[in-house]
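**Q** the sequence and its predicted three-dimensional model are supplied below.
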Amino acid sequence: MGENMPEVGSIDPTATDVLDRRRPVWVVPDTVPAIVPRSAWVTEPPWVAVYRWAAIGGDLLAAVIGASVALLTRFGYTVGAGYLIFGSLLPLAWVAAVALSRGYESRAFGAGADEFRSILRSGVGLTAVVAIASYATKSEIARGFVVLAIPATVLLALLLRYFLRRDLSRHRYRGRCMRRVLVVGRNGEAAELSERLEKRPADGYRVVAVCRPRGDSRPGGTPADALDEADIMAAVNRHSVDVVAIASDPDLAGQSLRRLSWALEQHGVELIVSPGIIEVAGPRISIRPVAGLSLLHLERPSASAGPHLLKSIFDRVVALILLIVTLPLLAGIACAVKLSSRGPVLFKQQRVGRGNAVFTMLKFRTMVVDAEARLAELEPQSDGNTVLFKLRFDPRVTKIGGYLRRFSFDELPQLVNVLRGEMSLVGPRPPLEQEVAMYAADDTRRMLVKPGLTGLWQVSGRSDLSWDESVLLDLRYVDNWSMTLDLLILWKTVRAVVKGSGAY
C-alpha cells in the first residue's frame, strides 16, 4: 500500500521542504486533505467529546432505570426515604465506577471490547463496594434491591453502549470520526501495517502518511537508513496526526522508542507499536516486567484437558436442548423434503474431524438424488474458491432446498453429530477427505480441534470467502479459541443466518 503513494518533498532540490537524501521518505495518499500544522495546544476531536457525553448519558439513564425497576419490584409504591436516597445516588455512583474502570477514555471508543469490559468490571466493583459498606456500617440494605438494581443497570448500559458503538461504526464507514495515523517503519512492514489499519474502518484509523527510511534493505540494494526522533516528529507536525503507529523496526526500540514516546506525549499524540505478531488474540498476549524490561509473553493455545472438557459438556448440553426445542421444526422440514422431491430426507457425507478422524456428517437433503453424478459437468461454472465447489444458482438444488440453505436449516441434523462428540457447536468448517489431502503444512492445524456447526467462516462471509480467507479464519480460531470466543461466534451466527449473506 505504502509503496504506491506519491512522495512528498523528495524530488525538487530547490523546494523549501526538501528532504535530505539520508532523511526518511514521507508519503501521503492522494485523498488526504490539505496539511494543517499541529497546534502546540492539542485538543480532542469534537466527536470524542460527543461520544463521551453520550456514553455518560447512557450510563446515567441505565442506572436510573435499573434503580427504578429495583425499587418498584422490591417495595412497590411504598418506598422508604432511605431507599429513595440510595436509589438517587446509584446513577452517580455508577458513572463514577465506570470512570474509575477507564470506561470513558477515548482510546477505547469503538475499538475492541475494552468498553464492555469496563462496564462489567464496574458492575462487579460497585456490588463489592455496596456489600462492604453495608457490612461496615451495619446498615440493612435489602439484598433483593441490590441484586436487581446493579445487574439491570449493567445489562442496560451494555445494550446502550452497543448501539452507541454501532452508530459510531456507521459514521466511520462514511469516513468520519477517524484518527489520523502516521505509520513509521520499513517498506514491507509499513505497507502491511497500513493495509491492516485501513482494512477495518470501524476501528477508526485512517493512514494519512507513511514515514520510512530511504534506501532498500533487500539483497543487492542500498542499506536503509535508520529513522530518528527528529524525523518522526517533523512528520507528526507536518501531517497533524493523532496517532503514530510503529511497524516492527529494530531501529525503533529501547531508549529511542522511549524518547519518542516522551516527545509524542508532549504533543498529545498516541503511540501504538506493532510487535509483528499476526492472528494472535489478546488473551494469549501479556506484558510482564522482567529484569527491568517490559517483555511481551505469547501464551500457548489452550490445549489442556480442562477447557476441552468444558467445551465438550457445553456443546452436548446445548445441542440436546436445541434438538428438543426444534423437534417440531425438524419434523416439518423432514416432511417437506420428503414430499418435495424423490430421495432420502437426510444427506450423509464423510467428513474429517479432530485428529483426522473420519465421521459421517448429517444434513437435510437440499439437492436432487443424482447431484454427485452431475458435479463434473458443473465444475467449470464454479463460483467457489480454488478448492471448494460452489455454484450460486446450482440447478441441482431443489425448491425447498434453496430455502433451507438460505437460513441454514439444512445443517440442523448436525446437532446429532455434536451429541455424538464428532463435531462442536463452534469450530472450523468440517472438511472433505479430498480437501485434507490438498492441505499445506500450516493448514493441518485446523485438525487440532473439532469441526463446528458454525464458526468464524460462518459469520465472516461463508461461501463468498476465498480459500485463503477461509483457512486464515479457521487457523485464527484454532490459535485463539476460548469459551468467550465461542459464545461471541454463536451470538453473531444468529445475525448471519437471518441475513443469509454468502449462503448458497
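**A** On my side now, so go ahead. Numbers count the residues shown, from 1 in each chain.
**Q** rest of the way, CA atoms for contacts and neighbours
**A** OK.
**Q** this protein - how does it break down into domains?
**A** Split into domains by automatic domain parsing, the chain comes to 2-38+177-276, 46-173, 305-499.
**Q** among the ones you listed, which comes closest to residue 295?
**A** domain 2-38+177-276 (11.0 Å; Cα to Cα).
**Q** turn the domains of the chain into CSV, including mean pLDDT and mean neighbour count.
**A** Formatted as CSV, the domains of the chain follow (pLDDT from 0 to 100; neighbours: other Cα atoms under 10 Å):
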stretch, mean pLDDT, mean neighbour count
domain 2-38+177-276, 68, 17
domain 46-173, 86, 17
domain 305-499, 82, 17
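**Q** can you put the ones you listed in TSV and add distance to residue 295?
**A** Converted to TSV, the domains of the chain look like this (distance: least, Cα to Cα, whole Å):
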stretch	distance to residue 295
domain 2-38+177-276	11
domain 46-173	22
domain 305-499	20
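**Q** so for residue 290, which of those sits nearest?
**A** Per Cα to Cα, nearest to residue 290 of the domains of the chain: domain 2-38+177-276, 14.2 Å.
**Q** can you check which of the domains of the chain gets nearest to residue 288?
**A** Nearest to residue 288, of all the domains of the chain, is domain 2-38+177-276, at 14.7 Å by Cα to Cα.
**Q** any idea how far residue 475 is from the closest residue to residue 432 other than its chain neighbours?
**A** In this structure, residue 432 finds its nearest non-sequential neighbour in residue 351, 4.8 Å apart by Cα to Cα, 6 or more residues apart in numbering. According to Cα to Cα, to the nearest Å, residue 351 and residue 475 sit 18 Å apart.
**Q** for residue 350, which residues are in contact?
**A** By Cα atoms under 8 Å, 6 or more residues apart in numbering, the contact list for residue 350 reads 358, 359, 360, 361, 432, 433.
**Q** what's the closest of these to residue 418?
**A** Using Cα to Cα, residue 361 comes nearest to residue 418 of these, at 9.9 Å.
**Q** so the closest one, which of the three states?
**A** Applying DSSP: H, G, I helix; E, B strand; the rest coil to residue 361 yields a three-state assignment of strand.
**Q** roughly how far does it sit from residue 414?
**A** Noted for residue 361: a distance of 7 Å to residue 414, by Cα to Cα.
**Q** again, but for residue 398
**A** Counting by Cα to Cα - residue 398 and residue 414 are separated by 20 Å.
**Q** same question, residue 228
**A** The spacing between residue 228 and residue 414, counted by Cα to Cα, is 58 Å.
**Q** please apply the same query to residue 356.
**A** Per Cα to Cα, residue 356 is found 18 Å from residue 414.
**Q** ditto for residue 76
**A** Residue 76 is 48 Å from residue 414, by Cα to Cα.
**Q** same thing with residue 89?
**A** 51 Å.
**Q** and the strands in the protein?
**A** 7-8, 25-27, 179-184, 205-212, 243-246, 270-273, 285-290, 293-298, 346-352, 358-364, 424-426, 452-454 (DSSP state E).
**Q** who does the last one touch, helix- and strand-wise?
**A** Counting contacts by 3 or more Cα pairs under 8 Å, 6 or more residues apart in numbering; DSSP states H and E, strand 452-454 packs against strand 424-426, helix 483-499.
**Q** which strands and helices sit next to the last one?
**A** Secondary structure elements in contact with helix 483-499, counted by 3+ Cα pairs under 8 Å, 6+ apart, are strand 424-426, strand 452-454.
**Q** make TSV out of these and add distance to residue 144.
**A** Converted to TSV, these look like this (distance: least, Cα to Cα, whole Å):
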stretch	distance to residue 144
strand 424-426	36
strand 452-454	39
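**Q** to residue 407, which of the ones you listed lies closest?
**A** Per Cα to Cα, nearest to residue 407 of the helices and strands packed on helix 483-499: strand 452-454, 12.7 Å.
**Q** quick one: contacts of the closest one?
**A** Residues outside strand 452-454 that contact it (Cα under 8 Å, 6+ apart): 411, 414-415, 423-430, 489-490, 493.
**Q** what is the nearest of the residues you listed to residue 394?
**A** For the contacts of strand 452-454, the closest approach to residue 394 (Cα to Cα) belongs to residue 411, at 17.9 Å.
**Q** circling back: need the helices and strands packed on strand 452-454 in a markdown table (columns: distance to residue 113).
**A** Below are the helices and strands packed on strand 452-454 laid out as a markdown table (distance: least, Cα to Cα, whole Å):
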| stretch | distance to residue 113 |
| --- | --- |
| strand 424-426 | 20 |
| helix 483-499 | 11 |
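**Q** hang on, the earlier thing: want to throw the contacts of residue 350 into a markdown table with distance to residue 178?
**A** Below are these laid out as a markdown table (distance: Cα to Cα, whole Å):
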| residue | distance to residue 178 |
| --- | --- |
| 358 | 49 |
| 359 | 49 |
| 360 | 49 |
| 361 | 46 |
| 432 | 43 |
| 433 | 46 |
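**Q** from those residues, which single one is nearest residue 207?
**A** Checking the contacts of residue 350 one by one against residue 207 (Cα to Cα), the nearest turns out to be residue 432, at 41.3 Å.
**Q** next, the contact list for residue 269, please.
**A** With Cα under 8 Å, 6+ apart, residue 269 has these contacts: 241, 242, 243, 244.
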